[in-house]
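Enquirer: just the structure for this:
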Amino acid sequence: MKVVILGSSGQVGAYLSEYLVKKGYEVTNFDILNNEKEDLRTIPNDYLGRCIEESDFIYFLAFDVGGSRYLKKYQHTFEFINNNSRLMVNTFDYLSKYKKRFVFASSQMSNMSFSPYGVLKNVGELYTKSLSGLIVKFWNVYGIEKDMEKAHVITDFIRKGFEEREFRMLTNGLEEREFLYAEDCCEALEKIMCNYDEFISSDDLHITSFKSTTILEIASIIESLFRKEGLSVNIKPGVEQDQVQRSTKNRPNQYITKWWSPRTSIHEGIRYVFDYMKSNY
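Expert: Numbering: from 1, shown residues only. The predicted structure is shown next:
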């Protein structure tokens, strides 16, 4: 089976590529970090069209996005909005032309109209429904990250612990998130692909741990790992409330648990990431 991963160098994409190759799938990696012909914003893009045409399934994971720090800084900018609008217009055009099975990676933030990121993901969902594709909504997927400018909270805290010996937080840390380890996410994505005909576009396919954890609790878990290494790290909460999601709290639909459920606890997942990052310091 030929699978194309758009955004194969991203946090989820990199894990998914390795996971599917191990499972025996023929995987085509497609990402702007590979070379300029894999820039989804380039219109037209004959290479993109050929990859989609020759595939059996497409994972549309590509997006200009990062953690809360990145979104707070960039999501209201012209470049952020333009990048994501162009890559969606181009990619959905080819998906329409070749009528391929695909999954679009959305976010649990897609109903947050105050967030440009959420609005753009909602637009992607509308495109997907018009083409009868499937929508998955990610809830704070975490794992090894290479681009620290776009780092999410767990990798950002670990980096700060090694480099600065403190977690200086953007908020008071009381906001809750549902964190999911990337390998569990990959299992969910494969299950959806293999059972594609059992779903419809309007299904709420929420890929999450279904367990809430505060940012302060995340900081405490990571601080304890440093302590076990004999390193002292200070936790310094900010005074602001969450400005990215504005304390909006969605509740995930558990429909997908008929086919899949997460296996990695937050403590286990953070330990995996911590051990990997520790080897680079």
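
Enquirer: quick one: the helices in the stretch 1-150 of the chain?
Expert: Ranges of helices within the stretch 1-150 of the chain are 11-22, 46-53, 68-74, 78-98, 116-130, based on DSSP state H, counting those that start in this stretch.

Enquirer: next, the contact list for Asp156, please.
Expert: Gly67, Arg69, Met148 (C-beta atoms under 8 Å, 6 or more residues apart in numbering). C-beta: built from backbone N, CA, C; applies to glycine.

Enquirer: could you dump those residues into JSON lines and include pLDDT, distance to Tyr47 and neighbour count?
Expert: What follows is the contacts of Asp156, written out as JSON lines (pLDDT from 0 to 100; distance: C-beta to C-beta, whole Å; neighbours: other C-beta atoms under 10 Å):
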{"residue": "Gly67", "pLDDT": "83", "distance to Tyr47": "30", "neighbour count": "22"}
{"residue": "Arg69", "pLDDT": "81", "distance to Tyr47": "33", "neighbour count": "16"}
{"residue": "Met148", "pLDDT": "78", "distance to Tyr47": "29", "neighbour count": "12"}
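
Enquirer: so which of those residues is the closest to Val123?
Expert: In terms of C-beta to C-beta, no member of these lies closer to Val123 than Gly67, at 21.5 Å.

Enquirer: thought Phe157 was touching that closest one, still the case?
Expert: No - using C-beta atoms under 8 Å, Gly67 is not in contact with Phe157; the gap is 10.5 Å.

Enquirer: so where is the stretch 101-250 of the chain shaky, pLDDT-wise?
Expert: By pLDDT under 70, the weakly predicted segments of the stretch 101-250 of the chain are 239, 241-247.

Enquirer: so can I have JSON lines of the contacts of Asp156 showing distance to Thr213?
Expert: Converted to JSON lines, these look like this (distance: C-beta to C-beta, whole Å):
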{"residue": "Gly67", "distance to Thr213": "15"}
{"residue": "Arg69", "distance to Thr213": "18"}
{"residue": "Met148", "distance to Thr213": "22"}
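
Enquirer: let me know the closest of these to Lys137.
Expert: The closest of the contacts of Asp156, once distances to Lys137 are taken by C-beta to C-beta, is Gly67, at 17.2 Å.

Enquirer: just the pLDDT at Lys72, thanks.
Expert: At Lys72, the model reports a pLDDT of 87.

Enquirer: residues near it, how many?
Expert: Number of residues near Lys72 (other C-beta atoms under 10 Å) recorded here: 14.

Enquirer: is it true that it touches Tyr117?
Expert: No - taking C-beta under 8 Å as the definition, Lys72 is not a contact partner of Tyr117, at 10.3 Å.

Enquirer: what's the first helix or strand after the helix or strand where Glu217 lies?
Expert: Using DSSP states H and E, Glu217 falls within helix 215-228. Where DSSP H and E defines the elements, the next helix or strand beyond helix 215-228 is strand 234-236.

Enquirer: centre of the chain to that following strand, how far?
Expert: Put simply, strand 234-236 sits 27 Å off its chain's centre (C-alpha atoms, centre = their mean, to the nearest Å).

Enquirer: which elements pack onto that strand?
Expert: strand 166-168, helix 215-228 (3 or more C-beta pairs under 8 Å, 6 or more residues apart in numbering; DSSP states H and E).

Enquirer: ok, it: who's next to it in the sheet?
Expert: strand 166-168 (parallel) (DSSP bridges).
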